[in-house]
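Student: Return a 3D structure for these sequence lines:
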Amino acid sequence: MGGFGRLRHRAVLAASARPGLYFGLRRLTGTHDRLCVRRDTDIVIEGFPRSANSTTVTHFRLRQRRPVFIAHHKHHAAQLIRAADWGIPAVALVRAPRDAVVSLLAMLEEARRRRDAGEADPAGGAQREGAGIVGDVLIENGPDFEGALRWWTGFYRPLLPVGGSMVVVPFEQATGDIADVIEAVNARFGTDFRSAETRRSRKRRFGFRSMPNPLRDTVKREMEEALAAALDTDAGLRALAEEAEALHARVLERG
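Tutor: Model prediction:
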């Protein structure tokens, strides 16, 4: 990540731990939209990119008999912290840091290669939004594992003080039976969200926006190999990865 991109990334992460500042900046920059939490939000569903965000939001919504306002896909802690402050039901999606980082960087690199080749990105705009406000700076000069890991830790560390105010859902559960997630939300918050399958939800496959393809599989293997090599040679990166793994365990315990 270039110098300006790195500074911008860290500034956004710092702001994302302070909802008043974070959402104020969004309003100032015209990026406060319908996906941001507000007083009439029914539920917040948020996680680091590539942590089953689209899968969970889509299948949650499809099982409801009424329109449900869901705040999602901002990929910053402010959404969940504000939900805790306002007493709004919330789900924090958590994927192991190395897996999440590799998947995010592979998605961005696949999209870059397809753009360079003049091809359409099969993941579409919704998945490209997974890069959030950071965008392609994470791969502009090769994969920036440090920047991605700092984003991961910057997302989850601020949640530790409010972890009891949300349902923490591991990636493996989110990509399994969504009914378990919905029932956990109802048990925690006294809500009555519908968990049973509907005709609409049965037609949708989990992960429909991120189905494997040959290029994606190739890029992901390359990212895994590059991360392993970087961890072998970079003590600072290794320490950051270990910090993220320890944080991962703490977040799951708080949930």
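
Student: got the phi/psi numbers for residue 169?
Tutor: When read as degrees, to the nearest 10, the backbone of residue 169 gives phi -120, psi 110.

Student: For beta bridges, what are the partners of it?
Tutor: residue 93 (DSSP bridges).

Student: Burial check on it, number of neighbours?
Tutor: For residue 169, the count of nearby residues is 27 (other CB atoms under 10 Å). For every residue, glycine as well, the C-beta is placed using N, CA and C.

Student: all numbers from here: first residue = 20
Tutor: Taking 20 as the first residue, the last one we looked at is residue 188.

Student: Tell me where the model's unsure across the stretch 170-274 of the chain.
Tutor: 218-230, 274 (pLDDT under 70).

Student: OK, contacts around residue 36?
Tutor: 96, 97, 100, 173, 176, 177 (CB atoms under 8 Å, 6 or more residues apart in numbering).

Student: hey, where'd the strands end up in the stretch 170-274 of the chain?
Tutor: Read by DSSP state E, counting those that start in this stretch, the stretch 170-274 of the chain holds these strands, from start to end of the chain: 186-189.

Student: the helices in it, which residues?
Tutor: In the stretch 170-274 of the chain, helices defined by DSSP state H, counting those that start in this stretch lie at 190-193, 197-208, 218-221, 233-252, 254-273, listed in chain order.

Student: and those helices as a markdown table, adding mean neighbour count and distance to residue 105?
Tutor: Below are those laid out as a markdown table (neighbours: other CB atoms under 10 Å; distance: least, CB to CB, whole Å):
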| stretch | mean neighbour count | distance to residue 105 |
| --- | --- | --- |
| helix 190-193 | 18 | 23 |
| helix 197-208 | 17 | 12 |
| helix 218-221 | 11 | 28 |
| helix 233-252 | 15 | 37 |
| helix 254-273 | 15 | 19 |
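
Student: now for those helices, which one comes closest to residue 72?
Tutor: Closest to residue 72 of the helices of the stretch 170-274 of the chain, according to CB to CB: helix 190-193, at 8.6 Å.

Student: same for the closest one, what does it pack against?
Tutor: For helix 190-193, the packing partners by 3 or more CB pairs under 8 Å, 6 or more residues apart in numbering; DSSP states H and E come out as strand 109-113, helix 197-208.
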